[in-house]
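A.B. asks: Fold the following and give me the result.
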Amino acid sequence: MRYTVIIVIVFSLAFSGCVQLKQPNTKFEYYTLEYNALRSDKSTDPGKKSTVLKIKHFNASPIYNTDRIIYSDQQFKRSPYFYHKWRVRPAEFVTYFLSRDLKESGLFEAVLPPASGSLHTHTVEGTVDEFLESDSHDSWEAVLSISITLQVAREPDPDKRVIFQRSFSTRKKCSEKNPLALAQAMSLAMAEVSKEIGIAIHDALTGK
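C.D. replies: Below is the predicted model of the structure:
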């Protein structure tokens, strides 16, 4: 009987060891965008429009509607990292940073976040079309593409409601081949696209 108990204990320890080997103690790594918002060169433009923008919650194409970092290493293929994730989904990043950047640009009287109930003159909404790491043999790139629609608030006539609908895209080279370098490159991409969107909205509302 004693030998039977010893055998059972040894077997249990061996089985436990196998389970631990198959399930290593790994942790998830989370990444965010990080850059400083800057005032636009046009913030002192005498034609500056007295505009109150409201940024609505952005959507994302189905592939990027996830907090998993998506990469592409060949055409028609998209794959997720397992242990490397964005802190929030791309649409949430874009909604927050675009709202912050437009507010800090100095181009508008005010910029309101999605939850605001204050009166506004125009709305901005859109979709994150691409938000990924593009891998090639030579380098990795952060790819960002955003489509936005600028509309007049409370305009009953559909023909007069939409001012413009446009897409903005850029690619930024990663300094290294790792997710942290991707986050740095994607931050540069978001800063560039955000500035372009702000100028495009300003020019459309001032007739330039």
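A.B. asks: Only C-alpha atoms from now on, for both contacts and neighbour counts.
C.D. replies: Fine.
A.B. asks: Now do the contacts for residue 103.
C.D. replies: By CA atoms under 8 Å, 6 or more residues apart in numbering, residue 103 lies in contact with 110, 111.
A.B. asks: What count of nearby residues applies to residue 29?
C.D. replies: 13 (other CA atoms under 10 Å).
A.B. asks: For the protein, which segments count as helices?
C.D. replies: Under the criterion DSSP state H, the chain carries helices at the ranges 2-22, 90-105, 158-161, 179-206.
A.B. asks: For the longest one, name the packing helices and strands.
C.D. replies: Looking back up the chat, that one is helix 179-206. strand 29-31, helix 90-105, strand 140-152, strand 162-173 (3 or more CA pairs under 8 Å, 6 or more residues apart in numbering; DSSP states H and E).
A.B. asks: possible to save these as a markdown table with mean pLDDT and distance to residue 59?
C.D. replies: Putting those into a markdown table (pLDDT from 0 to 100; distance: least, CA to CA, whole Å) gives the following:
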| stretch | mean pLDDT | distance to residue 59 |
| --- | --- | --- |
| strand 29-31 | 97 | 20 |
| helix 90-105 | 97 | 6 |
| strand 140-152 | 98 | 10 |
| strand 162-173 | 98 | 14 |
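A.B. asks: Include distance to residue 45 when you put the ones you listed into CSV, please.
C.D. replies: Formatted as CSV, the helices and strands packed on helix 179-206 follow (distance: least, CA to CA, whole Å):
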stretch, distance to residue 45
strand 29-31, 37
helix 90-105, 12
strand 140-152, 21
strand 162-173, 21
